[in-house]
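Colleague: next comes the sequence, and after it the predicted model I'd like to discuss.
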Amino acid sequence: MLIEAGGDPSFLSTIPMASLGLLGSSLDWQYKTIPNNISCLSSIGEQCRFSRGKSLGGTTAINHMLYIRGNRYDYDRMNISGWTWKDLEPYFLRYEGLQILDQYPASSRKYHNSNGTMKLEYFDDPRNPWHTRTVEGLKQLNIPFNKDLNGEYQIGVTKVAGYVYKGERMSTARGYLARNDVKKNLKVAKNAFCTEVVIDDDNIARGVTVVQNLQKVTIYARIEIVLSAGTIGTPQILMQSGVGPADHLQEMGISVRSNLPVGNDMSDHHLPVVIVKVDHGGLVDSLVGLTSKAPQVLQYLASRSGPLASNSLQDIVTLINTNCYDFDLRQYSGNSSLCELADMQIIQSYIDKGLVALAKPLVKQAIGFNDQVLDQIEKANENHGLIIFSPMVLQPYSRGTVRLASIDPLQPPAIFANYLGDERDVEQMVKSITFLEHLMKTQIFKKHKASILHLNLPGCPAYKCGRVEYWRCYARHMTYSGYHAVGTCALTRVVDEQLRVYGVKNLRVADLSVLKNIIRGNTASVSIAIGERIVDFLTEEDNP
Ligand SMILES: Cc1cc2nc3c(=O)[nH]c(=O)nc-3n(C[C@H](O)[C@H](O)[C@H](O)COP(=O)(O)OP(=O)(O)OC[C@H]3O[C@@H](n4cnc5c(N)ncnc54)[C@H](O)[C@@H]3O)c2cc1C
């Protein structure tokens with residue numbers, strides 16, 4: 001039986017262009033981080049948004065749908081038997097249903113499969129000239145165009161494939177749960193909030209308690225239990241069940257069943273939101289402008305095509321190692337193996353002129369910046385289109401923690417994301433912004449009068465008084481989550497190589513919480529591979 005706290009994904013969630021509208025909606029757990037005084041300073045309450053999907057398909061029902069598997073090295077360096085790239089690659093391939101393989105270079109073929117259950121395609125064309133202009137600008141910086149960031153090597157700019165099929169989102173609910181063979185064999189309990197694993201006196205997991213329709217019920221397992229509630233939900237359930245750091249559990253009055261570092265060492269991509277003003281040319285984009293864009297709506301409804309089947313500019317993805325870029329020569333050095341390991345990933349989206357004023361409540365709900373910042377963005381948007389650049393720190397040093405905030409399992413846990421807790425992440429953000437400053441100097445960006453918005457931020461020096469100091473301060477204000485948190489129930493720390501929770505029998509975890517290191521890329525790919533991986537563990541003959 002599958003137990004899910006949410007219900008079915010909504011129609012809105014099937015429309016690729018609508019993903020911004022899902023953040024802060026009823027399909028989102030609407031978590032926020034606990035303030036740490038050194039990051040997220042321009043978010044309401046100094047708390048970064050920490051969105052997570054709450055429906056069948058989980059976060060794949062609300063995410064940006066970019067398909068990137070990370071670098072092979074990310075898996076190899078975990079140094080865990082059964083979890084190297086060589087071990088995991090077959091599981092990525094098992095689910096991969098790449099429909100556009102014929103458009104990839106021949107050298108890519110061996111890295112892909114077209115027949116898996118998760119169908120992947122290119123997004124439709126947003127018909128926004130900044131789509132090609134962005135690629136052009138990066139080419140002018142001599143960033144190589146790499147058709148396949150999941151192939152031979154990972155560096156460059158690309159138009160990436162997405163979890164999108166025939167113009168609709170390909171969530172895991174669509175890829176797996178909607179299949180007839182799955183429907184036949186799987187019972188699903190929707191709107192059922194799991195509060196605890198029932199563990200008996202011999203430390204054997206027997207079942208779970210759930211709250212559904214205000215009723216608390218216990219569901220017993222015949223064989224074993226697999227928790228897949230994600231990097232936040234899984235540690236919360238484990239700690240409520242007495243599996244976690246003994247001192248924290250004792251403090252919460254929970255008796256300890258297994259003393260484990262649950263909730264520790266959370267790692268998440270984070271980024272400074274960088275806003276670029278550009279000239280405006282009556283562009284097609286963004287869901288919030290739909291009332292005036294009836295033709296696009298009709299096109300989407302009739303044929304699932306057109307700008308609404310696109311992902312704005314977000315499918316243009318750049319991965320580079322900023323240490324390997326020579327700004328004077330405008331050259332990317334490919335000389336060392338380090339240069340094959342990206343430390344920055346850029347995506348961007350577009351806001352048409354005047355849209356912030358039209359959709360301020362939605363922007364506020366989705367992004368969570370305070371009024372002081374939103375007002376400045378709104379003003380800049382009065383006469384300009386805006387490109388919002390998200391240059392993610394791909395290998396952050398800062399680590400966070402998840403703890404129970406209350407003994408009441410229905411209350412959200414405390415997420416101490418601790419972004420920028422390590423100064424090196426601030427420096428990485430400054431490097432990323434420097435790269436974007438250089439992008440603004442390319443012919444194509446200059447031609448369209450692109451300039452980075454220097455927000456007036458309390459406590460920050462003026463830009464003209466010191467560029468680097470300003471950007472350091474800016475990064476601490478305009479911090480934003482990459483929404484890729486991993487590691488709160490990590491392999492070899494909380495679960496063994498077969499994903500069994502140490503100290504408790506018949507209990508496993510299969511979601512991103514088990515990933516020890518964050519990958520250089522977007523994380524849905526790995527979470528699905530982990531799902532495929534556990535299938536073999538559960539069905540292996542020698543499984544005790
Ligand atoms: C805004 C956003 C954009 C993103 N963009 C991308 C992208 O473009 N590409 C990409 O690869 N990744 C992206 N990601 C990240 C990616 O989607 C997630 O990392 C991945 O889906 C997480 O998988 P998971 O299985 O670990 O957890 P989840 O997908 O979060 O699944 C956990 C499930 O457990 C349920 N649950 C939690 N607690 C309970 C409970 N107590 N009882 C019952 N059910 C519970 C949740 O409702 C959810 O359905 C994005 C994430 C966000 C938020």
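Modeller: That came through fine.

Colleague: need the pLDDT of residue 236.
Modeller: The model reports residue 236 with a pLDDT of 98.

Colleague: with residue 362 instead?
Modeller: On the pLDDT scale, residue 362 gets 87.

Colleague: residue 421 belongs to a strand, doesn't it?
Modeller: No: with DSSP: H, G, I helix; E, B strand; the rest coil as the criterion, residue 421 is coil rather than part of a strand.

Colleague: run a quick neighbour tally on it.
Modeller: Per other Cβ atoms under 10 Å, the neighbour tally for residue 421 reads 17. The way it works is simple: take the backbone N, C-alpha and C, and place the C-beta from them, glycine included.

Colleague: again, but for residue 177
Modeller: 17.

Colleague: cool, residue 472 as well?
Modeller: 20.

Colleague: where's it, which helix or strand?
Modeller: helix 467-477 (DSSP states H and E).

Colleague: for that helix, which helices and strands make contact with it?
Modeller: strand 270-272, helix 423-440 (3 or more Cβ pairs under 8 Å, 6 or more residues apart in numbering; DSSP states H and E).

Colleague: and the last one, what's buried?
Modeller: With burial defined by 16 or more other Cβ atoms under 10 Å, the residues of helix 423-440 counted as buried are 425-436, 438-439.

Colleague: quickly name whichever of the residues you listed is closest to the ligand.
Modeller: Ranked by distance to the ligand (Cβ to the nearest ligand atom), those are led by residue 432 at 18.2 Å.

Colleague: I'd assumed residue 391 was in contact with the closest one.
Modeller: Yes: under the criterion of Cβ atoms under 8 Å, residue 432 is in contact with residue 391, at a separation of 3.6 Å.

Colleague: identify the contacts common to these two.
Modeller: Counting by Cβ atoms under 8 Å, 6 or more residues apart in numbering, the contacts common to residue 432 and residue 391 are 271-272, 344, 346.

Colleague: could I get those as a markdown table with pLDDT?
Modeller: Shown next, in a markdown table, are these (pLDDT from 0 to 100):
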| residue | pLDDT |
| --- | --- |
| 271 | 98 |
| 272 | 98 |
| 344 | 98 |
| 346 | 98 |
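
Colleague: what about the ligand: which of those touch it?
Modeller: When Cβ under 6 Å from any ligand atom is applied, no member of those is adjacent to the ligand.

Colleague: of those residues, closest to the ligand?
Modeller: Closest to the ligand, out of all of the shared contacts of residue 432 and residue 391 and judged by Cβ to the nearest ligand atom, is residue 271, at 12.1 Å.

Colleague: neighbours of residue 474, how many?
Modeller: 25.

Colleague: correction: residue 361
Modeller: Neighbours of residue 361 (other Cβ under 10 Å): 9.

Colleague: how close does it get to residue 372?
Modeller: 16 Å (Cβ to Cβ, to the nearest Å).

Colleague: ok, now how distant is the nearest residue to residue 243 once chain neighbours are set aside from the ligand?
Modeller: Leaving aside its chain neighbours, residue 243 sits nearest to residue 258 (4.7 Å; criterion: Cβ to Cβ, 6 or more residues apart in numbering). Computed as Cβ to the nearest ligand atom, to the nearest Å, the residue 258 to the ligand distance reads 19 Å.

Colleague: A helix includes residue 376, no?
Modeller: Yes: assessed with three-state DSSP, residue 376 lies in a helix.

Colleague: in contact with it, which residues?
Modeller: 453, 455-456.

Colleague: got a ChimeraX select line for the buried ones in those residues?
Modeller: Buried residues among these (16+ other Cβ under 10 Å), as a ChimeraX selection:
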select :453,455
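
Colleague: got a markdown table for the contacts of residue 376, with secondary structure and pLDDT too?
Modeller: Listed next are the contacts of residue 376 as a markdown table, based on DSSP: H, G, I helix; E, B strand; the rest coil; pLDDT from 0 to 100:
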| residue | secondary structure | pLDDT |
| --- | --- | --- |
| 453 | coil | 98 |
| 455 | coil | 98 |
| 456 | coil | 97 |
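
Colleague: please, where are all the helices along the stretch 101-250 of the chain?
Modeller: Secondary structure of the stretch 101-250 of the chain (DSSP state H, counting those that start in this stretch): helices located at 130-140, 172, 180-185, 230-240, 246-252.

Colleague: an error on my part: the question was meant for the stretch 251-400 of the chain.
Modeller: Using DSSP H, counting those that start in this stretch, helices in the stretch 251-400 of the chain cover 294-303, 355-358, 360-367, 371-381.

Colleague: give the contact list for residue 497.
Modeller: By Cβ under 8 Å, 6+ apart, the neighbours of residue 497 are 80-83, 491.

Colleague: roughly how far does it sit from residue 512?
Modeller: 17 Å.

Colleague: now residue 461
Modeller: Residue 461 is 38 Å from residue 512, by Cβ to Cβ.

Colleague: of those two, which one has the most company?
Modeller: Per other Cβ under 10 Å, whichever of residue 461 and residue 512 has more neighbours is residue 512, with 26 against 14.

Colleague: can you pull the contacts of that one?
Modeller: 230-231, 484-487, 523, 526-527, 530.

Colleague: pull out the buried residues from stretch 101-117.
Modeller: 101, 104, 108, 111-112, 116-117.

Colleague: now do that stretch, average pLDDT.
Modeller: Mean predicted lDDT for stretch 101-117 stands at 96.

Colleague: contacts for it?
Modeller: Here stretch 101-117 has contacts from 93-99, 122, 147-148, 150-152, 175-176, 179, using Cβ under 8 Å, 6+ apart.

Colleague: quick one: least confident of the residues you listed?
Modeller: Where pLDDT dips furthest among the contacts of stretch 101-117: residue 152, at 91.

Colleague: nearest residue to that one other than its sequence neighbours?
Modeller: Going by Cβ to Cβ, 6+ apart, residue 152 has residue 107 as its nearest residue, at 5.5 Å.

Colleague: could you do residue 459 as well?
Modeller: residue 473 (6.7 Å).

Colleague: and the pLDDT for that neighbour?
Modeller: 98.

Colleague: now residue 286
Modeller: Model confidence at residue 286 (pLDDT) stands at 47.

Colleague: the residue nearest to residue 134 when sequence neighbours are not counted pairs with what?
Modeller: Distances taken as Cβ to Cβ, 6+ apart place residue 316 nearest to residue 134, at 5.1 Å, with adjacent residues excluded. Counting by DSSP bridges, residue 316 is bridged to residue 159.

Colleague: neighbours of residue 316, how many?
Modeller: Residues near residue 316, counting by other Cβ under 10 Å: 23.
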